[in-house]
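[1] generate coordinates for the sequence data below:
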Amino acid sequence: FMSKYNREFKCLVARQCLNGLSSEMLAKQCSISSRQIRYWTQVFAIHGNRSFLPATQTATGRSKFAALQLMWTNGWSVTHTSAVLNLSSPGIFATWLKRYNEQGIKGLEPQPKGRPSMKQQPQTTTKPDSEMTLEELREELAYLRAENAVLKKLEELEQKKTRRTKKKRSSL
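    Numbering: from 1, shown residues only. Have a look, this model is predicted:
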């Protein structure tokens, strides 16, 4: 996972803000929202040179819940809690809170990344025709007819596409 801004840049901007430059002026110079700069400054004020270090391990459901409890018991905002936890963005923590409110503790469990794998089609063992019932034969016939119709339609579409490209070439 790559951040839009690297760690050194965030620390540099945060240092400048802590040294007296306004977040609005830095926002104009860097074309970043002043809110983002104030967040970086808050994280840097708490963690110093350890700010924005990548997480060494994936947060578990239990650790996310502990983070939510930290916010609730101290009466902190989502942004401040995110800064205390040294998260790259308060949006991460806001997502945890939203998932907890919608799904409870289960919503905090790590979600699988990427696309789900394709479902395996059940392997049907084909019996010889002589052993199949009339109903099984009819089902297979219907399936094969549908498959045949799909293949014919694909062939027809491919031929139309070929004719169109030939027509375009001849008109050029």
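
[2] now Pro90: closest residue in space that isn't a chain neighbour?
    Distances taken as CB to CB, 6 or more residues apart in numbering place Ser82 nearest to Pro90, at 3.9 Å, with adjacent residues excluded. The way it works is simple: take the backbone N, C-alpha and C, and place the C-beta from them, glycine included.

[3] packing partners of the helix or strand hosting Leu151?
    Of the helices and strands defined by DSSP states H and E, Leu151 is found in helix 134-171. Helix 134-171 makes packing contacts with no helix or strand when contacts are defined by 3 or more CB pairs under 8 Å, 6 or more residues apart in numbering; DSSP states H and E.

[4] pLDDT of it, averaged?
    Across helix 134-171, pLDDT averages out at 90.

[5] cool, stretch 25-36 as well?
    Looking at stretch 25-36 alone, the average pLDDT works out to 92.

[6] which residues sit against that stretch?
    Identification of contacts with stretch 25-36 by CB atoms under 8 Å, 6 or more residues apart in numbering yields 5, 13, 16-17, 22-24, 37.

[7] likewise stretch 67-74?
    59, 76-78, 81, 84-85, 93, 96-97, 100, 108.

[8] give the buried residues for that stretch.
    Judged by neighbour count (16 or more other CB atoms under 10 Å), stretch 67-74 contains these buried residues: 67-68, 71.

[9] ok so, going back, just the buried members of the contacts of stretch 67-74?
    Looking at the contacts of stretch 67-74 with 16+ other CB under 10 Å, the buried ones turn out to be 59, 78, 81, 84-85, 93, 96-97, 100, 108.

[10] check the residue of the chain positioned farthest from its centre and give its pLDDT.
    Note on the chain: the largest C-alpha distance from the chain mean falls to Ser130, namely 51.9 Å (CA atoms, centre = their mean). In this prediction, Ser130 carries a pLDDT score of 87.
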